[in-house]
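Asks: prediction below, plus the sequence it came from.
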Amino acid sequence: SISTMIRIKIQHEFDEDDVEQLRRVLPGCAGLLVPRRSSLFCPPSHAGALFSDASGSKLGDEKRRASLTLAGRESIAQMHYAVRRLLKIICSHLKGVVVLFIDDLQWSDTATLDLLKSIVLDGEIPSLLIVGAYREDEVPDHHPLAFHIRELEQMNVTITKIKIDNLSVNYA
């Protein structure tokens with residue numbers, strides 16, 4: 001079956017660290033995410049230990065903070081990459097268009113919006129349509145979602161907006 005094929009491809013593609021990250025981000029997909037091999041890289045949680053400075057100086061503290069910030073950024077980049085790889089596997093094995101629907105985007109944090117932007121900008125994910133819904137009256141110009149939409153439009157990403165009015169009492 002297609003789900004078996006996708007599961008096998010995931011087992012070959014993702015190591016234990018990737019699977020752990022994906023399970024945290026996509027808890028509903030835990031059954032699909034089974035690792036096969038070990039990571040060749042040091043897990044991000046240990047990155048700070050690589051830059052430890054026994055002197056306890058302010059410079060050492062600054063180095064530690066900088067290394068933790070870098071480790072955090074690397075961890076986020078690895079998670080974005082793992083999610084995009086997962087979507088590539090799923091989309092390339094399914095016929096037709098895969099629709100990723102996300103509701104209530106007005107409540108999304110910047111990290112989630114950054115992940116969505118990463119997915120949108122990845123030109124190697126075949127046949128993926130992202131549909132997002134949000135309450136326009138809750139997204140002023142300074143809202144992170146409004147910023148991300150403007151940023152994507154400036155990058156010439158096609159965004160189709162469809163305004164849907166509130167349901168009347170008769171339909172609610």
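Replies: All right, it came through fine.
Asks: start and end of stretch 159-168, how far apart?
Replies: 27 Å (CA to CA, to the nearest Å).
Asks: burial of the closest residue to Ala133 other than its chain neighbours, as a residue count?
Replies: Excluding the flanking residues, the one nearest Ala133 by CB to CB, 6 or more residues apart in numbering is Asp103, at 4.8 Å. To be clear about C-beta, it is placed using only N, CA and C from the backbone, and glycine gets the same treatment. Around Asp103 sit 10 other residues, with neighbours defined as other CB atoms under 10 Å.
Asks: wait, isn't Asp103 in contact with Val131?
Replies: No - when contacts are counted by CB atoms under 8 Å, Asp103 is not listed as touching Val131 (9.2 Å).
Asks: what count of nearby residues applies to Thr112?
Replies: Thr112: 16 neighbours (other CB under 10 Å).
Asks: you'd agree Glu124 is in a helix?
Replies: No - counting by DSSP: H, G, I helix; E, B strand; the rest coil, Glu124 is not part of a helix but coil.
Asks: Leu22: which element?
Replies: Using DSSP states H and E, Leu22 maps to helix 16-25.
Asks: how about that helix as CSV, C-alpha atoms only?
Replies: The C-alpha trace of helix 16-25 is given here as CSV (Å, rounded to 0.1, in the frame of the first residue of the first chain):
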residue,chain,number,x,y,z
GLU,A,16,16.5,8.9,15.6
ASP,A,17,17.1,12.6,16.2
ASP,A,18,15.1,13.6,13.1
VAL,A,19,12.2,11.3,14.2
GLU,A,20,12.2,12.7,17.7
GLN,A,21,12.1,16.3,16.4
LEU,A,22,9.2,15.4,14.0
ARG,A,23,7.3,13.6,16.7
ARG,A,24,7.4,16.8,18.9
VAL,A,25,6.3,19.0,16.0
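Asks: which helices and strands does that helix pack with?
Replies: Packed against helix 16-25 by the contact rule (3 or more CB pairs under 8 Å, 6 or more residues apart in numbering; DSSP states H and E) you find helix 58-93.
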